[in-house]
Every structure is written in structure tokens, then in C-alpha cells.
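> A structural model of the following input is requested.
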Amino acid sequence: MSTTTSPHRPGFPIVNALGALDNPNAAPEAAAQLQQTSAELVIDARALAEAKASGLSAVNITLGYTLGDLPPYRHTLRELDVWDEIIAARPESLLKVLRADDIRRAHAEGRVGVVYGFQNAVAVGENHAGIGERVELFARRGVRVVQLTYNQANHLGDGSMAPENRGLTELGRETVSALNDHRLMVDLSHSGERTCLEAARVSRQPVSINHTGCRALADLPRNKTDEELRLVADRGGFVGVYFMPFLTLSGHARAADVVEHIVHAVDVCGEDAVGIGTDGPVTAVDDLDAYRARLADHVAERARAGVGAAGERSDTLPFVEDLRGVDQFRTLIRMLEERGYGEERIAKIMGGNFLAYADRVWAG
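Take a look at the predicted model:
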């Protein structure tokens, strides 16, 4: 099968339903000099060149409030400003995505489309009357994906690590309705099982799980049950498989595990609903030994803050070691070919299914 029309770009769009554009090797102090987010991500020349060289056509990046002590609404507005500045300063490399056709345009022009997304929806606030206004503002500012919860519970619903598994709250249902009104994707990654199932049922638009694994293969809370996967797919939604340690109980996931989770998801959801959401950047960590030395502190900090997930340990890398860097997508394509997948199915998984889902939700 011929997968490329150039040394870098395949003939079909590659869309990462949840990822990043930063260079994890850059010094954090460089962030202030490069108009970066408060998370100190460095989107530099290397990161952009490697993203384009990987064949990436578009990526849903995380901005706004996710966790911590920052004021959610004001912090989110600030990060929207920052990302607008980042994209405006790099028109030769980046394109802000508002419609699915913007992803197609980015692919055709050799740029990377940037989808604005949240990984926690607390910035919508707790005022019944104000939720619709804030969602409308976020939509006007270009947000296109809103994940309801992170790992912990919030005032909208329970995350995957909330032991009560209580499902959506009244405010959560109102938020889903407001997101539907403004045709924003309702992302149920990180959500608890009941929250996911209830949101999929009450949403008037198809919903997504942009980065997850299959709990049937690795019984961890961050992975989704077959019931969740099937319901989302049956209602016209999208499921993205991540490149994360939760794909195995050992926490040491390999590229072959990513393939197995994709195959299982396709078996459950059908080939028209499954894609990828790596949960990481294209640019790889250069010094893994130094990274491992820092990892224990990072994992411990997340645990203390109550935002860690079962399966996070000091010896588990938050990426798949043999599926990273510039060749990660080409490697996955080759492995899917070896599994017997044809060009049409691979094109759907690598980006076509997200594009079709975006057409269904963002149109109108």
C-alpha cells in the first residue's frame, strides 16, 4: 500500500484527537520568550518542524484550566489569548481549526491544524444562568472540544478516579445541552463510567472519547468499557486510542499494545468510529534517563493533588517508548498494515473518522 505522497505527508490526513505541539526538551524558562501558555509549553521551531515531518495534519491541544489552584475562568481566557498569539505568529506552520474543512486545508497546505480543546469543563461556572453564556463565548473564541471532567469529580460529573461513580449532575446535563446548542464536541475522556454513559444518552449530538484505551484488555479506570465504547459509536460518535501506559496492567505499554487496543475498539465500535488520540507531542524526550529521574516527583505531585490515575507509577512512562518521535504515525501505519488492515481502513483510523465526526458535530 502506498501511504505517502511526499517523504513526510501521507495521502490522507492524520488527526490526533488529543495531543500536543510542544518540545519537551526545551528549557521551561524559554516559554516566556516564546509567548507560551502558563503551563510553560515551548512550541519552538523544532517542535513545529517535527510535527509537520511526522505527517500530522491536525491536533486537538489542551488549553485552559485542567487542574490546580488557578482561577478556572480567567486562566482559560488568558490561554485562549496566548494560543491565538501563538498561531498568529506562525501562519506558515499553524492554522486555527473551526470547521472540519480547516483540517483538510491544513493537510493540503502542509500546515498543522490546531483544535482548541479543554480537558476539564469547570470554567463554564456553577451559575445556571451563566453556563450558556460562557459556552457561547468559548465557542466564539474557537473552542471546539470540551471534556467534561478530568480524573477527579467536578460540579458537572464524576471523573474516572471518583469512587462514587455518580454520573452527571444537573449542571452537567445543562452543560451538555449548551455544548450541543453551540455544536461543540462533548468529550468523555477521563470521565467515570456513569458520567460517560449518561452524557452519551442525553446529548443531542454525537459525543466522543478522544483519548482512551479498552478496559476489556486492561482493567484500569482510565480505559473505557465495551458498553461505553459501543454506545458512543452507535450514536455516531468517535473513540480515539491513546499511546499511554494504561494500555497494559504493567504500565509498560508497547506499540503492539496500541495496535491491540485499536483492533479491539474496531471490533466493538466498527471501523467508522475509531481513531487515535495519543495524549502526547510528536517531539520525543531526548534524555530518557534524566526524564525518569524527574518522573517520580511528578507522579507523587499528581497523587498529592488528587489528580493522578490508577496505573500511574514512578516507573511508568506517560508515553509508549517505541511509538514516539517523528516516525510514530508511519510506524503505526506499518503495524496496522502488517495486521492486515487495508488502506481505506487505515486512512479512517489515522484521521478520516475524526474528520467525519467533526463534520457531523461542527457543521450547522
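
> hey, let's count contacts and neighbours off CA atoms from now on
OK.

> the residue nearest to Q205 when sequence neighbours are not counted - how many residues pack around it?
Once flanking residues are discounted, Q205 sits nearest to N180: 6.0 Å by Cα to Cα, 6 or more residues apart in numbering. For N180, the neighbour count with other Cα atoms under 10 Å is 20.

> could you pull out the strands for the stretch 151-300 of the chain?
According to DSSP state E, counting those that start in this stretch, the stretch 151-300 of the chain carries its strands in the segments 185-187, 208-212, 238-241, 274-276.

> ramachandran coordinates for S314?
Dihedral angles of S314 (phi, psi; degrees, to the nearest 10) stand at phi -70, psi -20.

> out of the strands of the stretch 151-300 of the chain, flag the one nearest V326.
strand 274-276 (15.7 Å; Cα to Cα).

> which strands or helices does that closest one pack on?
If contacts are counted by 3 or more Cα pairs under 8 Å, 6 or more residues apart in numbering; DSSP states H and E, strand 274-276 sits against strand 14-19, strand 238-241, helix 255-269, helix 353-362.

> try it again with 7 Å
Secondary-structure packing of strand 274-276 (3 or more Cα pairs under 7 Å, 6 or more residues apart in numbering; DSSP states H and E): strand 238-241, helix 353-362.

> of these, flag the one that's most buried.
Among the helices and strands packed on strand 274-276, ranked by average contacts under mean count of other Cα atoms under 10 Å, first place goes to strand 238-241 (a mean of 30).

> list the contacts of that one.
Here strand 238-241 makes contact (Cα atoms under 7 Å, 6 or more residues apart in numbering) with 17, 207-213, 232, 261-262, 273-278, 354, 357.

> re the thing from before, as TSV, the helices and strands packed on strand 274-276 with mean pLDDT and distance to T66 would be great.
Shown next, in TSV, are the helices and strands packed on strand 274-276 (pLDDT from 0 to 100; distance: least, Cα to Cα, whole Å):
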stretch	mean pLDDT	distance to T66
strand 238-241	99	20
helix 353-362	98	23
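
> mind listing the helices for the chain?
Along the chain, the segments classed as helices by DSSP state H run 45-53, 72-88, 100-109, 131-140, 170-181, 193-202, 226-234, 255-269, 288-304, 328-338, 343-347, 353-362.

> list the buried residues of the fourth one.
Going by neighbour count (16 or more other Cα atoms under 10 Å), the buried part of helix 131-140 is 131-132, 134-136, 138-139.

> R105: which of those is nearest?
Closest approach to R105 among the buried residues of helix 131-140 (Cα to Cα): A139, at 20.6 Å.

> so which of the helices and strands packed on strand 274-276 comes closest to T76?
helix 353-362 (21.3 Å).

> roughly how far apart are I86 and N223?
According to Cα to Cα, to the nearest Å, I86 stands 33 Å off from N223.

> ok, those two, which is more surrounded?
N223 (27 against 17).

> give me phi/psi at the more buried one?
Per-residue torsions, N223: phi -90, psi 160 (degrees, to the nearest 10).

> just give me the neighbour total for A121.
Residues within reach of A121, counting by other Cα under 10 Å, total 27.

> quick one, what contacts it?
So A121 contacts 146-149 (Cα under 7 Å, 6+ apart).

> again, only this time at 8 Å
With contact taken as Cα atoms under 8 Å, 6 or more residues apart in numbering, A121 is in contact with 65-66, 146-149, 156.

> R292 now?
With contact taken as Cα under 8 Å, 6+ apart, R292 is in contact with 314-315, 317.

> who wins for neighbours among those residues?
L317 leads the contacts of R292 on contacts (other Cα under 10 Å) with 18 neighbours.

> from H252, how far off is that one?
7 Å.

> follow-up on the earlier one: nearest to P10, out of the helices and strands packed on strand 274-276?
Across the helices and strands packed on strand 274-276, closest to P10 is helix 353-362 (Cα to Cα), at 15.6 Å.

> what does the closest one contact?
Here helix 353-362 makes contact (Cα under 8 Å, 6+ apart) with 15, 17, 98-100, 103, 144, 183-185, 205-206, 236-238, 272-275, 348.

> repeat that for 6 Å
100, 183, 272-273 (Cα atoms under 6 Å, 6 or more residues apart in numbering).

> ok, and the most crowded of those residues?
A273 (28 neighbours).

> for the closest residue to that one other than its chain neighbours, list each beta-bridge partner.
Using Cα to Cα, 6+ apart and skipping the chain neighbours, the partner closest in space to A273 is F238 (4.8 Å). Here F238 shows beta-bridge partners S208, assigned using DSSP bridges.

> helices and strands of this protein: which one has the lowest mean pLDDT?
Lowest by mean pLDDT, DSSP states H and E among the helices and strands of the chain is helix 288-304, with a mean of 82.

> and it, which residues are buried?
Buried residues in helix 288-304, counting neighbours by 16+ other Cα under 10 Å, are found at 295, 299.

> ok now it, how far from the chain's centre?
Using Cα atoms, centre = their mean, to the nearest Å, the distance from the centre of helix 288-304 to the centre of the chain it belongs to is 22 Å.

> for the closest residue to G167 other than its chain neighbours, give me its contacts.
Spatial nearest neighbour of G167, chain neighbours left out: T195 (3.8 Å); criterion: Cα to Cα, 6+ apart. Counting by Cα under 6 Å, 6+ apart, T195 makes contact with 157, 167-168.

> noted, bye for now.
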